[in-house]
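Participant: structure, please.
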Amino acid sequence: MELSPVLLYGEAEGMVRSLQSFPLRDTGSGGWLKQHEYIEKLNMQAILNASAGQEEMIKDLLVTHGKVSSLIRELITVEIWKQKVFPVISQLQDFQPRSTFPLYMVIHHEATIINLLETILYHKDVCESAEDLVLDLIDYCHRKLTLLLSRCSAGEIAGQDRLLPSSASETSSLEELKLQAESLEFDVALKCLSVLRYITDHTDSLPLSITTRLLNTHNLPCVLVELLHSCPWSRRSKGQLQKFESGRWLSVPAEDQQKMTKLDGQVWISLYNLLLRPECQQKYNIDGFTRALISSHRDPHRSAAEPSGATAISQLFVSERTGAPKEGADLRAGSRSLGLHYQREFWEMEGDSEAPGEACVLPQ
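Facilitator: Numbering: from 1, shown residues only. Below you'll find the predicted structure:
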């Protein structure tokens, strides 16, 4: 049964046309709240179109009217508000709001925008329409992922469950809001993984400054390998393995514990893109530390007799830099097969009927 649309085309176009970047001081104002409502509806319609395989009118409208950059500016503005404004007002002794819902809307605004960007950035024309603001989006995603890694290394429990009603009664409204903000921060960081993966898919059509920012400024391959080591989307609760899927923690049956999740797939495909695409190989200044870190990870989704994905990718990168053509050709064939393996698994999880080789051509 076909789902009814959230928005008609005319309504969606009017909302997209009205999108703008609000200054920090206007966050939470009447006009800002109206735009938040618009973005919520646009996000729901974009997800509905993408999941149903329909024409993605929200994506087309955002590109046509040049509003992707406005979304990125709004995303960064809300991030600044959360870091610089929210901690200050939450510590004021005389700040006792009757309702924290308006504050929650501001915090949730960031998750809504990153969710919308995750849905539409799959398409190359969206990345291209953002122009130089793709650099700011990469910086934003890098900040979120490094913060997630620092929390994991510090032993903090990432991705805590949403506050339950029973515990909410024992917590003040402001403290409850802080807990909700921490939980949303975890969700946003994992959305950034998908956003970065889609950007790496399109490096061949983006300015060279994008590739430089990904590889040499932030050294994202190392960040991705560290994420595979810490695996923050997996945890054990009461002896049961749980993985973070579709915005919630789900228990994993014993027979499915070695299966790759969507988040695993996003990381592996990003690594493949960053280390094996020709335009990335030419720009990446790999050193001994980076090579050792990338080669140290063992892919748990492959048997012991099969090579680690990161090891094969690293060996190929080094062989081509040192001019070993035969070894490089053999490794490229193996790594290309490995990349297709990850692509196929990811496409099957997404339920996409297109063949991976047709939908995302891997570099020769």
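Participant: now do the contacts for the closest residue to residue 220 other than its chain neighbours.
Facilitator: With sequence-adjacent residues excluded and distances taken as Cβ to Cβ, 6 or more residues apart in numbering, residue 220 is closest to residue 214, at 5.1 Å. All C-beta atoms are positioned from the backbone trio N, CA, C, and that covers glycine. Residue 214 is in contact with 138, 196, 199, 200, 203, 220, 274, 280, counting by Cβ atoms under 8 Å, 6 or more residues apart in numbering.
Participant: list buried residues within the residues you listed.
Facilitator: By neighbour count, with 16 or more other Cβ atoms under 10 Å, the contacts of residue 214 hold 138, 196, 199, 200, 203, 220, 274, 280 as buried.
Participant: export the residues you listed to TSV and tack on pLDDT?
Facilitator: What follows is these, written out as TSV (pLDDT from 0 to 100):
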residue	pLDDT
138	97
196	96
199	96
200	95
203	92
220	94
274	91
280	87
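Participant: turn those into TSV, columns for distance to residue 52 and secondary structure.
Facilitator: As requested, the buried ones among the contacts of residue 214 are exported to TSV (distance: Cβ to Cβ, whole Å; DSSP: H, G, I helix; E, B strand; the rest coil):
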residue	distance to residue 52	secondary structure
138	30	helix
196	26	helix
199	25	helix
200	26	helix
203	29	helix
220	32	helix
274	32	helix
280	34	helix
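Participant: as a markdown table, the contacts of residue 214 with distance to residue 16 would be great.
Facilitator: Conversion of the contacts of residue 214 to a markdown table gives the following (distance: Cβ to Cβ, whole Å):
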| residue | distance to residue 16 |
| --- | --- |
| 138 | 24 |
| 196 | 25 |
| 199 | 22 |
| 200 | 27 |
| 203 | 27 |
| 220 | 31 |
| 274 | 32 |
| 280 | 33 |
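Participant: if we take those residues, which one ends up nearest to residue 266?
Facilitator: residue 196 (8.0 Å; Cβ to Cβ).
Participant: is it true that that closest one touches residue 139?
Facilitator: No. With contacts counted by Cβ atoms under 8 Å, residue 196 stays clear of residue 139, the gap being 11.2 Å.
Participant: what's near enough to touch the residue sitting nearest the centre point of the chain?
Facilitator: Most central in the chain under Cα atoms, centre = their mean is residue 192, positioned 2.2 Å from the mean C-alpha point. Residue 192 makes contact with 114, 140, 141, 144, 145, according to Cβ under 8 Å, 6+ apart.
Participant: please repeat the previous calculation with a cut-off of 10 Å.
Facilitator: Shown in contact with residue 192 (Cβ atoms under 10 Å, 6 or more residues apart in numbering): 114, 117-118, 137-138, 140-145, 148, 266.
Participant: you'd agree it is in a helix?
Facilitator: Yes. Looking at residue 192 with DSSP: H, G, I helix; E, B strand; the rest coil, it is inside a helix.
Participant: show the pLDDT at the nearest residue to it once chain neighbours are set aside.
Facilitator: Of all residues not flanking residue 192 in the chain, residue 141 sits nearest, at 3.9 Å (Cβ to Cβ, 6+ apart). pLDDT for residue 141: 97.
Participant: what about the strand or helix carrying residue 141, distance to the chain center?
Facilitator: Using DSSP states H and E, the element containing residue 141 is helix 133-153. Computed by Cα atoms, centre = their mean, to the nearest Å, the chain-centroid distance of helix 133-153 equals 10 Å.
Participant: next: stretch 203-213.
Facilitator: Taking the mean of its C-alpha atoms, stretch 203-213 sits 18 Å from the chain's own mean (Cα atoms, centre = their mean).
Participant: what about that stretch, start to end distance?
Facilitator: Terminal residues of stretch 203-213 are spaced 11 Å apart (Cα to Cα, to the nearest Å).
Participant: buried by neighbour count: which residues of it qualify?
Facilitator: Applying a neighbour-count criterion of 16+ other Cβ under 10 Å, one finds 203, 206, 210, 211, 213 buried in stretch 203-213.
Participant: just those now: which is nearest residue 262?
Facilitator: Out of the buried residues of stretch 203-213, the member with the shortest distance to residue 262 (by Cβ to Cβ) is residue 203, at 21.4 Å.
Participant: can you pull the contacts of the closest one?
Facilitator: 127, 210, 211, 214, 215, 273, 274, 277, 278, 279, 280, 283.
Participant: and residue 48, how many residues sit next to it?
Facilitator: 18 (other Cβ atoms under 10 Å).
Participant: do residue 49 as well
Facilitator: 21.
Participant: that one contacts residue 61, correct?
Facilitator: No. Using Cβ atoms under 10 Å, residue 49 is not in contact with residue 61; the gap is 11.2 Å.
Participant: which of the contacts of residue 214 sits closest to residue 154?
Facilitator: Within the contacts of residue 214, proximity to residue 154 (Cβ to Cβ) peaks at residue 220, which comes in at 21.5 Å.
Participant: can I get the contacts of residue 203 in JSON lines with distance to residue 8 and secondary structure?
Facilitator: Listed next are the contacts of residue 203 as JSON lines, based on distance: Cβ to Cβ, whole Å; three-state DSSP:
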{"residue": "127", "distance to residue 8": "27", "secondary structure": "helix"}
{"residue": "210", "distance to residue 8": "35", "secondary structure": "helix"}
{"residue": "211", "distance to residue 8": "40", "secondary structure": "helix"}
{"residue": "214", "distance to residue 8": "38", "secondary structure": "helix"}
{"residue": "215", "distance to residue 8": "43", "secondary structure": "helix"}
{"residue": "273", "distance to residue 8": "37", "secondary structure": "helix"}
{"residue": "274", "distance to residue 8": "40", "secondary structure": "helix"}
{"residue": "277", "distance to residue 8": "40", "secondary structure": "coil"}
{"residue": "278", "distance to residue 8": "44", "secondary structure": "helix"}
{"residue": "279", "distance to residue 8": "41", "secondary structure": "helix"}
{"residue": "280", "distance to residue 8": "42", "secondary structure": "helix"}
{"residue": "283", "distance to residue 8": "45", "secondary structure": "coil"}
